[in-house]
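Chemist: have a look; sequence and predicted model below, questions after that.
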Amino acid sequence: MTKEAFAQLAGEGVILLDGATGSNLTKAGMPKGISTEVWTLEHAEILIGLQKEYLAAGSQIVYAPTFAANRISLGNFGYEDRVEELNTRLVALSKQAVGTGSGWIAGDITTTGKMMEPKGELTYGELYDAYAEQIAALANAGADLLVAETMLSVDETCVVLDAAASVCDLPVMCSLTLEADGSALFGGNAVEAVETLQEMGAAAVGLNCSVGPDQLEAVVRSMAKVARVPVIAKPNAGLPVITPEGEAVYSMNAQDFARHMKVLVDAGAGVIGGCCGTTPEYIRLLAEMLGK
């Protein structure tokens, strides 16, 4: 997909993304404390089935399960030398799910969880190299576009865009985890994110994860006021309650989620989906709300 093709898709109406991957894999039996990417490869049928359900529900773009398949994050499990292999094989799983012509695949990139200098010890060069390596693998594997999601600061998202520009021409969507007041966890805020990242070439900018859609109308509206690119809204199904067994149970049902997402669309969101706690049913109701 070219940047022009993404802009054309956005010009046809609100783009519908998929819903959660991780929380649904957990419900399917994925244990805590392991590499999600490696577990997904070992249970490929679960991922393929989930993505087929999202496509059937109306998703136009699904996220390949390459979330933390970068050298730094994989190093937590001793898999730092498997970046190319894991990204290639995981994109192939999404290709199996999508088939021919039924949807687009976004190569998924996220934060390493480590802060950059001067707040942390991670250098720009180390982060740039890690992202460039993963992005090259995603592009070579045939991802249609890229998404940097659940990012913790504007600065680290800028590094993703720098790295992407150096290795491919794919459009890059960027979404940060923001508080209800629009602030990012490691630095920056909603308006700064839009103004900075669109100048750097992001195809769309917005937010994902964090809180539910009922708390984000003001944030989305503030982003839309300064945006020249589509605004992304991919929030959680409300705030989770942690059970005594350590399971996260999300508070917002699919009907309420769709109702609150309609408010975000009216506030200016042009690319929408669901994050933690959402399922294909949530996406189906969003598609109905959009008339897709």
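Modeler: That came through fine.
Chemist: low-confidence ranges in the stretch 101-250 of the chain?
Modeler: By pLDDT under 70, the weakly predicted segments of the stretch 101-250 of the chain are 101.
Chemist: which residue ranges form the strands in it?
Modeler: 104-110, 145-151, 172-176, 204-209, 231-235, 240-242, 248-250 (DSSP state E, counting those that start in this stretch).
Chemist: export these to a markdown table and tack on distance to G268 and mean neighbour count?
Modeler: Placement of C-beta: from N, CA and C, glycine included. Conversion of these to a markdown table gives the following (distance: least, CB to CB, whole Å; neighbours: other CB atoms under 10 Å):
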| stretch | distance to G268 | mean neighbour count |
| --- | --- | --- |
| strand 104-110 | 21 | 26 |
| strand 145-151 | 19 | 27 |
| strand 172-176 | 15 | 30 |
| strand 204-209 | 10 | 27 |
| strand 231-235 | 5 | 30 |
| strand 240-242 | 27 | 12 |
| strand 248-250 | 25 | 16 |
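Chemist: which one of those strands lies nearest to A190?
Modeler: Nearest to A190 among the strands of the stretch 101-250 of the chain is strand 204-209; the distance by CB to CB comes to 6.9 Å.
Chemist: dump the C-alpha coordinates for the closest one into PDB.
Modeler: Included here for strand 204-209 are C-alpha records, laid out as PDB according to Å, rounded to 0.1, in the frame of the first residue of the first chain:
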ATOM      1  CA  ALA A 204      -2.500   8.900  10.700                       C
ATOM      2  CA  VAL A 205      -2.000   9.800  14.400                       C
ATOM      3  CA  GLY A 206      -4.100   9.000  17.500                       C
ATOM      4  CA  LEU A 207      -4.400   6.900  20.600                       C
ATOM      5  CA  ASN A 208      -4.900   3.400  21.600                       C
ATOM      6  CA  CYS A 209      -5.200   1.300  24.800                       C
END
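Chemist: neighbouring strands for that strand, and are they parallel or not?
Modeler: Strands flanking strand 204-209 in the sheet, each with its direction: strand 172-176 (parallel), strand 231-235 (parallel) (DSSP bridges).
Chemist: dump the ones you listed to CSV, plus distance to A248.
Modeler: Converted to CSV, those look like this (distance: least, CB to CB, whole Å):
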stretch, distance to A248
strand 172-176, 20
strand 231-235, 15
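Chemist: which among the ones you listed is found nearest to G19?
Modeler: Closest of the strands paired with strand 204-209 to G19 is strand 231-235, at 8.5 Å (criterion: CB to CB).
Chemist: quick one on the thing from earlier: so for K262, which of the strands of the stretch 101-250 of the chain sits nearest?
Modeler: Once the strands of the stretch 101-250 of the chain are compared by CB to CB, strand 231-235 is nearest, at 11.0 Å.
Chemist: what bridges to L122?
Modeler: Here L122 sits in beta bridges with M116, going by DSSP bridges.
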